[in-house]
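Peer 1: coords below, sequence missing:
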C-alpha cells in the first residue's frame, strides 16, 4: 500500500490510455461553456478510481472534467449524467458543490460521455486524523463534515426535482442485491467472507424505512475543505448518489472510526487517542448528527457497520477487476485486492 499523504488531489501527466482529444474538447467547451477561451492544458488527477478526472487549465480559469472510463463497463456503473444532475440541483439550492458547467453525451468528442465543472481551491485530507491541524481546527473540521451531511439529508426531493432519482423504500435490500450482483460480475478470487455476508445481510436488515437524497460515498476523501479554514466548501464525487436511507450515508462516513487498520491509505481512528486529537467518539458524532437531523438514536448500529464494510469490499473488487482488465482509472488500482478480504472479515 502506498505511503500515507497529508492531502489528496495531486495532478500529473495524463496516463497511458487516458489521453483526450484536446482539439475536439476545446471546440466543445468553446460552444458549451460561457466565457471559455483557450488554449487549454490537460493534466490528470491521481485519484478518481472509477471515473477518470482531469484538470483543464486556460490562461484565465481552471476546470475539472470527469468522464466515463473507456472499455467494457458493468451495468449501472459510471453514470456520470446522474452526477451532473444531482450536483446541478444541489448547487442551485445553495449546497456546497462545484458549479456544473456542461455535460456531453456525445462519445465522438473525447471517446466517452463527460461533464465539466468549476475548479475549487481547497484541501482534501488524505489522513482522517488530519495531522497538520491543531486540535480545535480538527474538531471544527469534523463538525463541519457532520453539519454538511445532516444538511444534505434535510433536502426535500420534490423541491430539488429529484423525486425520480432513485426508487423509494427497501433501500438496504436493493443495495445488498446490487453489490452482491456486481461483486459476482467482477469476481477475480474466492473470498469466503464475502459469501457469508451475501447470505447473512438480507435477513438482518432493520425494519425502519426512510428515503432521502444520499451521497453514497461521503467520506473525507470526497470533502473539499477551505484552503485555510476548517470548513467544507465542496462535496465531490457524486457517482453513487441516489435516494435511500440516510443512515447508510452516515454509517459509511462513520467508517473513519471502525475501518480495519491497514486496509486503507486514509488510515483509521480505531485505536487513536480521540480526546488528544479533538475528535469526538463515534457515539458522540452519531448523536450530534441525529440531533441536527431531528431523529431518534440509532439502534442496531452493528448492522450498518457490516453493510458498509461489505459494500466497500464489493466496490474495491470492481476496481481490482478493472485493473486486471486494464481499464482502471488509478495507477494504484492493482494494489487493492487484499482490501476486499480485510473489509469482509471485519464485517463478520
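Peer 2: Looks like it came in fine. The structure presented is a predicted model; accordingly, all values stated were derived computationally and were not measured. Residues are numbered from 1 along each chain as shown.

Peer 1: for the chain, what's the longest helix?
Peer 2: Longest helix in the chain by number of residues, with DSSP state H as the criterion: helix 301-325.

Peer 1: show me the helices in the stretch 51-200 of the chain, by range?
Peer 2: Here the stretch 51-200 of the chain has its helices, by DSSP state H, counting those that start in this stretch, at 80-92, 107-110, 135-152, 171-185, 192-200.

Peer 1: chain center to the shortest one: distance?
Peer 2: It stands for helix 107-110. A distance of 25 Å separates the centroid of the chain from that of helix 107-110, by C-alpha atoms, centre = their mean, to the nearest Å.

Peer 1: then the first one?
Peer 2: Once both centres are worked out by C-alpha atoms, centre = their mean, helix 80-92 turns out to sit 14 Å from its chain's centre.

Peer 1: please name the bridge partners of residue 11.
Peer 2: residue 45 (DSSP bridges).

Peer 1: do I have it right that it meets residue 44?
Peer 2: Yes: counting by C-beta atoms under 8 Å, residue 11 touches residue 44, with 6.6 Å between them. Yep, even glycine has a C-beta here, placed from its N, CA and C like the rest.

Peer 1: anything in contact with each of those two?
Peer 2: Shared contacts of residue 11 and residue 44, defined by C-beta atoms under 8 Å, 6 or more residues apart in numbering, comprise residue 55.

Peer 1: the two - which one has more neighbours?
Peer 2: Set residue 11 next to residue 44 and count neighbours by other C-beta atoms under 10 Å: residue 44 wins out with 22 against 15.

Peer 1: quick one: buried residues of stretch 20-31?
Peer 2: By neighbour count on 16 or more other C-beta atoms under 10 Å, the buried set for stretch 20-31 is 20, 22, 25-26, 28-29.

Peer 1: just name the shakiest helix or strand of this structure by mean pLDDT.
Peer 2: Within the chain, no helix or strand scores below strand 7-8, which has a mean of 82 by mean pLDDT, DSSP states H and E.

Peer 1: my guess is residue 54 contacts residue 44. True?
Peer 2: Yes: between residue 54 and residue 44 there is a contact at 5.3 Å, judged by C-beta under 8 Å.

Peer 1: joint contacts of the two?
Peer 2: residue 14.

Peer 1: so the residue most central in space within the chain, which of the three states?
Peer 2: Most central in the chain under C-alpha atoms, centre = their mean is residue 217, positioned 3.4 Å from the mean C-alpha point. With DSSP: H, G, I helix; E, B strand; the rest coil as the basis, residue 217 sits in coil.

Peer 1: give the closest residue to residue 63 in space, chain neighbours not counted.
Peer 2: Distances taken as C-beta to C-beta, 6 or more residues apart in numbering place residue 56 nearest to residue 63, at 4.2 Å, with adjacent residues excluded.

Peer 1: and that neighbour, what does it touch?
Peer 2: Counted by C-beta under 8 Å, 6+ apart, residue 56 has contacts 25, 29, 40-42, 62-65, 116.

Peer 1: and those, which are buried?
Peer 2: Buried, going by 16+ other C-beta under 10 Å: 25, 29, 40, 42, 63-65, 116, out of the contacts of residue 56.

Peer 1: secondary structure element holding residue 252?
Peer 2: Here residue 252 sits within helix 246-253, counting by DSSP states H and E.

Peer 1: for residue 17, give me the pLDDT.
Peer 2: On the pLDDT scale, residue 17 is placed at 87.

Peer 1: got phi/psi on it?
Peer 2: Main-chain dihedrals, residue 17, degrees, to the nearest 10: phi 80, psi 0.
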